[in-house]
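*Asks:* When you get a sec, could you give me coordinates for this:
(one chain, ligands or ions: 1)
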Amino acid sequence: MKFNLHKQANASLNSGIDLKEVVKLPAGEDMNDWIAVHVVDFFNRINLLYGTICEFCTEETCPTMSGGPKYEYHWCDGQNYKKPTALPAPKYITLLMEWVEAQINDENIFPVKVGVPFPKNYQQVTKKILTRLFRVFVHVYIHHFDKLISIGAEAHVNTCYKHFYYFVTEYNLVDKKELEPLVRLYVIHQQSCIVSLYVH
Ligand SMILES: [Zn+2]
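*Replies:* Alright, predicted model coming up:
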């Protein structure tokens, strides 16, 4: 299967909002707060995004949490899954979203009371959250983009992805290596050129 992302990407590329500027820390704001706001925002948006296609992402259609033939993710949470474990994509994504939600609701990581500082490992934890959230983009883009097109959600998803991408690269919150599966989308963002995404 082959499809062209050009038109879909352009739908949001030219939307007029400069997302590269939007991610910059406003004067007088605290960096950790800025990251916290974005982590929560991206979690909610990615949760909704996956919700729009989750009926098409089943153990039958997606027996592994993959991003094309080259990438496969194994779940490990140190509790129920002590070793990296291959899981069907819907199971993996459910565990992933539950894990992120638990992190966000943990006041030791995201303090809600004024004056309570962020923990020392805050950056490390937020990097892990964003790295895992990115994998949902990878799976949805590579395996379910045709469904996003059919429900007319592609511009919305592209905007969300672009916002996410600019944010995590601005502050180096997801390693370059992790971003590789969607590197062709990165090319679209940089040059607005016609890029085809090949899947399967
Ligand atoms: Zn799937």
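
*Asks:* which SS class is the residue sitting nearest the centre point of the chain?
*Replies:* The C-alpha lying nearest the average C-alpha coordinate of the chain belongs to F134 (CA atoms, centre = their mean; 2.9 Å). Secondary structure assignment for F134 (DSSP: H, G, I helix; E, B strand; the rest coil): helix.

*Asks:* Show the pLDDT at it.
*Replies:* With respect to pLDDT, F134 scores 96.

*Asks:* Around the ion, pick out the residues from the protein.
*Replies:* Taking CB under 5 Å from the ion as the criterion, the chain approaches the ion at residues 57, 62, 89, 143. No exception for glycine: its C-beta is placed from N, CA and C like everyone else's.

*Asks:* can you do 8 Å?
*Replies:* For the chain, the residues found near the ion under the criterion CB under 8 Å from the ion are 53, 56-58, 61-62, 89-90, 93, 139-140, 143-144.

*Asks:* mind listing the strands for this protein?
*Replies:* 2-4, 66-67, 71-72, 74-75, 85-86, 196-198 (DSSP state E).

*Asks:* Can you name the residues that contact the residue lying closest to A89 once chain neighbours are set aside?
*Replies:* Taking CB to CB, 6 or more residues apart in numbering as the measure, A89 lies nearest to C62, with 3.6 Å between them; neighbours along the chain are not counted. Listed by CB atoms under 8 Å, 6 or more residues apart in numbering, the contact partners of C62 are 88-90, 139, 143.

*Asks:* re the thing from before, widest-spaced pair of the residues of the chain next to the ion?
*Replies:* Maximum pairwise distance in those, criterion CB to CB, is 14.0 Å, between T58 and V140.

*Asks:* between the two, who's got more neighbours?
*Replies:* When neighbours are counted by other CB atoms under 10 Å, V140 comes out ahead of the other of T58 and V140, with 26 against 12.

*Asks:* pLDDT wise, what is the more buried one at?
*Replies:* Note on V140: pLDDT of 94.

*Asks:* Appreciated, that's everything.
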